[in-house]
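Asks: for reference, the sequence and a predicted model appear below.
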Amino acid sequence: MRDKKSILFVMNTMGRAGAERALIELMRVLDPAQYRISLYVLIPRGELFEEVPEHVHILNRKTDSRSVLTPGGKLAVGSRLAKALVRGGSLAKAVRRIRDMKRTGDKVRDAQTREKILRRLLADGSPGLPGRYDLAAAYLEGPATWYVAEKVHADRKAAFLHIDYRRAGYSNDLDNGCYSAFDRIYAVSGEVRKSFLEVYPEYEDRTKLFFNIVNREHIRRRAQETGGFADNYGGIRLLTVGRLYYQKGYDIAVKTAALLKKQGYEFRWYVLGEGEEEKNIRHMIREYGLEDTFVLLGATDNPYPYFSQADIYVCTSRFEGKSIVIEEAQALGKPVVATGCTGVAEQIDQGTDGVITDGTDPELLAEAVGRLIKEPALCRKYGEAAYNKEQLYKKGLNDFLELAGSRAE
């Protein structure tokens, strides 16, 4: 029997988020009879450590399956950053990067820049891994990518892109030429690929598509488990799932809910997730008088009963790469209304299984959601089409496995 190929995945954290879920599914489909799979996480904390397949070798000496978003989680992240700061001259590197980076006057962009500099510190100050791999894959932008490029030894290297690169605040300055180290760069959507190539046109030939793997049968099985809504509400339920970040547009969701309520629609809008915007969102809920209409449920280990019991899934993101939760909702036969953010046009067939609005205007979102509330037959039609959608990840997976099977000359 031929030797197994060794594949290393590097991730920033293992929190309950889309890219982390996609990584779990990718590791699940890799045959342990053919591949030795290893995982290294730069901040080894997050709920999805519990779901890492048994055949995957976790290289971190200690892991923590608690959330990175709780006060304790933030303290753990800060501790990791502090250690990175004093290791390997990373503080001096950070000072040089701050000095060299071009500043803009945009407040949001400045916040993004500061965050990315901290992430750079994490990659710069994390110790390298011993050994050599047939393939090393950085499964997220930022620290994981910088780390694999600069501190991992492998015959082949791959980087994954899950976000609109330009809008997320990444730059050539921070990347420091890291993408030249990669044999393949996988984008989760055509729009993500386009955004990346606007920054790095020289990598067009090596930038391919790799659609996220969404295990529909697993999702459908978990949707049958105990859980879901406990408020005995009998009307229309809207659902949005994701971390409470500015990117996800929950302020847009609250404004949309206020418009729907003003127009006389009966509904409740539920949100599953936790994050830094919670205080602001709760303030908006009170401001618009939506305490009984817009409900923050927090995070949960199994969101799928909620998906199954909801009537309409709503995505209000300002930008994405390719929203995994949209495809999870579709797997459970839910019609989707989404803002026209990155990647959505490759997930929703407009007028067949959902609706994409022109931008993030709450009035347009309210119009689209209101129509589905008023037309239950149309809602069912979209849901049935969503349930039967074809999955398109196999071509990207085959390319990835061919890369794993090749060895440098």
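Replies: Perfect, I can see it now. A quick note: this is a predicted structure, and the numbers were derived from the prediction, not measured. Residues are numbered from 1 along each chain as shown.
Asks: gap between Val254 and Leu42?
Replies: 34 Å (CB to CB, to the nearest Å). Using the backbone N, CA and C atoms, a C-beta is placed for each residue, glycine as well.
Asks: okay, those two: which has more neighbours?
Replies: Val254 (25 against 22; other CB atoms under 10 Å).
Asks: Ser65 contacts Val52, correct?
Replies: No - using CB atoms under 8 Å, Ser65 is not in contact with Val52; the gap is 9.8 Å.
Asks: higher neighbour count, those two?
Replies: The neighbour comparison of Ser65 against Val52 (other CB under 10 Å) goes to Val52, with 22 against 14.
Asks: in which helix or strand would I find Glu327?
Replies: Here Glu327, judged by DSSP states H and E, is contained in helix 324-331.
Asks: so where's the stretch 51-200 of the chain uncertain?
Replies: Scanning the stretch 51-200 of the chain with the threshold set as pLDDT under 70 gives 86-114.
Asks: tell me where it has strands.
Replies: Ranges of strands in the stretch 51-200 of the chain, per DSSP state E, counting those that start in this stretch, are 57-58, 133-138, 154-161, 184-187.
Asks: please name the strands paired to the second one in the sheet, noting orientation.
Replies: When you say that, I think you mean strand 133-138. strand 5-11 (parallel), strand 154-161 (parallel) (DSSP bridges).
Asks: now do it: distance to the chain's middle.
Replies: In terms of CA atoms, centre = their mean, to the nearest Å, the centre of strand 133-138 is set 21 Å apart from its chain centre.
Asks: can you give me the buried ones in it?
Replies: 133-138 (16 or more other CB atoms under 10 Å).
Asks: same thing with the longest one?
Replies: The neighbour-count check on strand 154-161 (16+ other CB under 10 Å) flags 154-161 as buried.
Asks: residues contacting Asn215?
Replies: 25, 28 (CB atoms under 8 Å, 6 or more residues apart in numbering).
Asks: what about the helices in the stretch 151-300 of the chain?
Replies: 172-175, 190-199, 216-223, 250-262, 278-287 (DSSP state H, counting those that start in this stretch).
Asks: tell me which residues in stretch 224-238 are buried?
Replies: For stretch 224-238, using 16+ other CB under 10 Å, the buried residues are 227-229, 236-238.
Asks: pLDDT averaged over that stretch - what is it?
Replies: For stretch 224-238, the mean per-residue pLDDT is 95.
Asks: out of the helices of the stretch 151-300 of the chain, nearest to Asp311?
Replies: Proximity to Asp311 (CB to CB) singles out helix 250-262 among these, at 13.1 Å.
Asks: which elements pack onto the closest one?
Replies: Applying 3 or more CB pairs under 8 Å, 6 or more residues apart in numbering; DSSP states H and E, one finds that helix 250-262 contacts strand 236-241, strand 267-272, helix 278-287, strand 294-298, helix 362-374.
Asks: contacts only, for Leu23.
Replies: Here Leu23 is in contact with 9, 11, 139 (criterion: CB under 8 Å, 6+ apart).
Asks: and for Met27?
Replies: Met27 touches 9, 37, 39, 52-53, 56, counting by CB under 8 Å, 6+ apart.
Asks: contacting residues for His57?
Replies: 36-39.
Asks: likewise Cys379?
Replies: Here Cys379 is in contact with 311-312, 335, 372-373 (criterion: CB under 8 Å, 6+ apart).
Asks: looks to me like it is in a helix.
Replies: Yes - using DSSP: H, G, I helix; E, B strand; the rest coil, the secondary structure at Cys379 is a helix.
Asks: please identify which of the strands paired with strand 133-138 is closest to Val271.
Replies: Distance to Val271, taken as CB to CB, is lowest for strand 5-11 among those, at 25.1 Å.
Asks: could you point out which element follows the closest one?
Replies: Moving toward the C-terminus from strand 5-11, the next element (DSSP H and E) is helix 18-29.
Asks: quick one, helices of the stretch 1-150 of the chain?
Replies: Using DSSP H, counting those that start in this stretch, helices in the stretch 1-150 of the chain cover 18-29, 71-85, 90-100, 107-125, 143-151.
Asks: I'd like these as a markdown table, with distance to Ser323 appended.
Replies: Listed next are the helices of the stretch 1-150 of the chain as a markdown table, based on distance: least, CB to CB, whole Å:
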| stretch | distance to Ser323 |
| --- | --- |
| helix 18-29 | 7 |
| helix 71-85 | 23 |
| helix 90-100 | 31 |
| helix 107-125 | 20 |
| helix 143-151 | 20 |
